[in-house]
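Novice: this one's sequence-less:
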């Protein structure tokens, strides 16, 4: 695991003992810190009984603590832990901030931080893939893969590739990334920012503001123009110019099977620029674009049955995330719906010409049916199994059955992964 001698004999409280919280508590204990832990689940608390203090930090005197470590899932705008910690002058941080503090004791390395509303996971995994294919020691962490503190330190010359949500950035104060990538900013998770898009955008762009002179920032021109949060002396790359500047023709995207669609061209451009900055030769970058396998639940090609492609894009949990998937295919049988995050079709509206028929599911199903009525054939299916069966019955060779719900999953599934797994299982039964 990753630890730091700077934590020894200091006091930390950890609220939430799921994956990252558990890994954080273990790393702090291994470093010799004095740790207080808490979780609402008795079984999570039991794992630390007798090893450290187990108590609710809301009922503890936090004076003298070096940090109040919370899970990214804790809403800082409404949870009482923030004012409680503030009253004692204790910083509220996350595991990424602890990683930033631990960097000084790690073998010489670099960090790539990637944020944005959509495309983070694909871009993070693609950068990691490019580095590994080029023989560079690398690992993924943050919002993807294993918790970063649970991982073993990389050898000298390694690269940590971190996918960072706005929640994680809110809990981070000193992470100066050698390469920071801001993919895009569209409205999402606004309940965490009191409905204020400007606050959400400012949170994302803090990844750039934390950099130091000489470090590299990559952002879209349209976002960079309005954010103004580049660190003084940082070196900016504009995402829209990358392919031309690196001598990669747009037509080469046809050779990247897991990176289709305009949004993946942008994701690829970000990864290309990041790896170019890190010194990866263009020939190796090109080869990695062709061999990149893609991510589960993100435009994942599940099967081709009787000439019909079945694509799992369950990670499309808002309209801005689903629009790129619609843009990547033709003759689409679109399975849409779930727990809606926003009114209307948003960016999906511009892609309706590619939709042959729609099949609505979940709580937002009737709303989507009303929005689509008269524009494309619509069937209100309510559940995913009915939607898959109906779409399979109506699709012809050359068509694509696409699960890209443009909604959260929590009305019918524990998470988008469970929804995508169910889709995959339903398709496998068709074969």
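Specialist: Arrived safely. Remember, it's a predicted structure, so these values are computed and weren't measured experimentally. Numbering: from 1, shown residues only.

Novice: low-confidence ranges in the chain?
Specialist: Along the chain, segments meeting pLDDT under 70 span 187-189, 224-228.

Novice: can you list the domain ranges for it.
Specialist: 5-93, 99-291, 300-430 (automatic domain parsing).

Novice: Checking my notes, residue 126 in a helix, right?
Specialist: Yes. Assessed by DSSP: H, G, I helix; E, B strand; the rest coil, residue 126 belongs to a helix.

Novice: tell me the secondary structure for the residue nearest to it when sequence neighbours are not counted?
Specialist: Spatial nearest neighbour of residue 126, chain neighbours left out: residue 271 (4.2 Å); criterion: C-beta to C-beta, 6 or more residues apart in numbering. C-betas here are computed from N, CA, C, even on glycine. Secondary structure state of residue 271, per three-state DSSP, is helix.

Novice: cool, and residue 397?
Specialist: Under three-state DSSP, residue 397 falls in the coil class.

Novice: just to revisit the earlier point, adding mean neighbour count, write the domains of the chain out as CSV.
Specialist: Listed next are the domains of the chain as CSV, based on neighbours: other C-beta atoms under 10 Å:
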stretch, mean neighbour count
domain 5-93, 18
domain 99-291, 19
domain 300-430, 20
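
Novice: which stretches of the stretch 151-300 of the chain form strands?
Specialist: For the stretch 151-300 of the chain, strands defined by DSSP state E, counting those that start in this stretch occupy the ranges 158-163, 179-182, 216-219, 235-238, 300-305.

Novice: Distance to residue 258 added to the ones you listed, as a markdown table?
Specialist: Formatted as a markdown table, the strands of the stretch 151-300 of the chain follow (distance: least, C-beta to C-beta, whole Å):
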| stretch | distance to residue 258 |
| --- | --- |
| strand 158-163 | 17 |
| strand 179-182 | 19 |
| strand 216-219 | 21 |
| strand 235-238 | 24 |
| strand 300-305 | 8 |
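
Novice: With respect to residue 104, which of those strands lies nearest?
Specialist: Among the strands of the stretch 151-300 of the chain, strand 158-163 comes nearest to residue 104, with 13.8 Å by C-beta to C-beta.

Novice: show me the contacts for residue 218.
Specialist: Listed by C-beta atoms under 8 Å, 6 or more residues apart in numbering, the contact set of residue 218 reads 179, 180, 181, 182, 236, 237, 239, 242, 270, 273, 274.

Novice: ok, of these, which one's closest to residue 364?
Specialist: Nearest to residue 364 among those, counting by C-beta to C-beta, is residue 182 at 29.1 Å.

Novice: List the contacts of the closest one.
Specialist: With C-beta under 8 Å, 6+ apart, residue 182 has these contacts: 115-116, 204-205, 207-208, 217-220, 223-224, 227.

Novice: Tell me the one among those nearest to residue 98.
Specialist: residue 207 (16.8 Å).

Novice: which residues sit in contact with that closest one?
Specialist: Going by C-beta under 8 Å, 6+ apart, the list of residues near residue 207 reads 113, 115, 164, 169, 175, 177, 180, 182.

Novice: change it to 7 Å
Specialist: By C-beta atoms under 7 Å, 6 or more residues apart in numbering, the contact set of residue 207 is 113, 115, 164, 169, 177, 180, 182.

Novice: One more: residue 122?
Specialist: Contacts for residue 122 were tallied using C-beta under 7 Å, 6+ apart; they are 264, 267, 295, 298.

Novice: From residue 270, how far off is residue 240?
Specialist: From residue 240 over to residue 270 the distance is 11 Å, taken as C-beta to C-beta, to the nearest Å.

Novice: cool, residue 421 as well?
Specialist: Between residue 421 and residue 270 the distance is 28 Å, computed by C-beta to C-beta.

Novice: picking that back up, export the contacts of residue 207 to TSV and tack on distance to residue 45?
Specialist: Converted to TSV, these look like this (distance: C-beta to C-beta, whole Å):
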residue	distance to residue 45
113	32
115	32
164	28
169	28
177	34
180	36
182	38
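
Novice: Specify which member of those residues is nearest to residue 361.
Specialist: After measuring the contacts of residue 207 against residue 361 - C-beta to C-beta - the closest member comes out as residue 115, at 29.8 Å.

Novice: residue contacts, the residue nearest to the closest one when sequence neighbours are not counted?
Specialist: Nearest residue to residue 115 in three dimensions, chain neighbours excluded: residue 164, at 4.7 Å (C-beta to C-beta, 6+ apart). Applying C-beta under 7 Å, 6+ apart, we find residue 164 in contact with 96, 113, 114, 115, 142, 143, 207.

Novice: and the first one, which of the three is it?
Specialist: Assigned with three-state DSSP, residue 96 falls in the helix class.

Novice: I'd guessed it sits against residue 173; true?
Specialist: No. With contact defined as C-beta atoms under 7 Å, residue 96 does not count as touching residue 173 (9.7 Å).

Novice: ok, now which ones touch the residue nearest to residue 126?
Specialist: Contacts here follow C-beta under 7 Å, 6+ apart; on that basis residue 271 touches 123, 126, 127, 130.

Novice: quick check, the last one in a strand?
Specialist: So that's residue 130. No. When classified by three-state DSSP, residue 130 is found to be helix rather than part of a strand.

Novice: Check the gap between the residue nearest to it when sequence neighbours are not counted and residue 280 for me.
Specialist: In space, and not counting its chain neighbours, residue 130 is closest to residue 288: 4.2 Å by C-beta to C-beta, 6+ apart. Distance of residue 288 to residue 280, given as C-beta to C-beta: 8 Å.

Novice: if I look at these two, which residues touch both of them?
Specialist: residue 130.

Novice: Look at stretch 97-106 and report the distance between its end residues.
Specialist: Stretch 97-106 has an end-to-end distance of 15 Å (criterion: C-alpha to C-alpha, to the nearest Å).

Novice: the helices in the stretch 101-250 of the chain, which residues?
Specialist: 120-133, 166-170, 197-209, 221-227, 242-245 (DSSP state H, counting those that start in this stretch).

Novice: Show me what the second one is packed against.
Specialist: Helix 166-170 sits against helix 197-209, with contacts defined as 3 or more C-beta pairs under 7 Å, 6 or more residues apart in numbering; DSSP states H and E.

Novice: The helix it packs on to strand 158-163, inter-axis angle?
Specialist: If you take axes from the mean of the first three to the mean of the last three C-alpha atoms, to 10 degrees, helix 197-209 sits at 180 degrees to strand 158-163.

Novice: Leaving out sequence neighbours, find the closest residue to residue 263.
Specialist: Per C-beta to C-beta, 6+ apart, closest to residue 263 is residue 324, 3.1 Å.

Novice: right, and residue 320 touches residue 346 too?
Specialist: Yes. Residue 320 lies in contact with residue 346 (C-beta under 7 Å); the separation is 6.0 Å.

Novice: before we move on, the earlier item: TSV for the contacts of residue 122, including distance to residue 382?
Specialist: Listed next are the contacts of residue 122 as TSV, based on distance: C-beta to C-beta, whole Å:
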residue	distance to residue 382
264	31
267	33
295	28
298	25
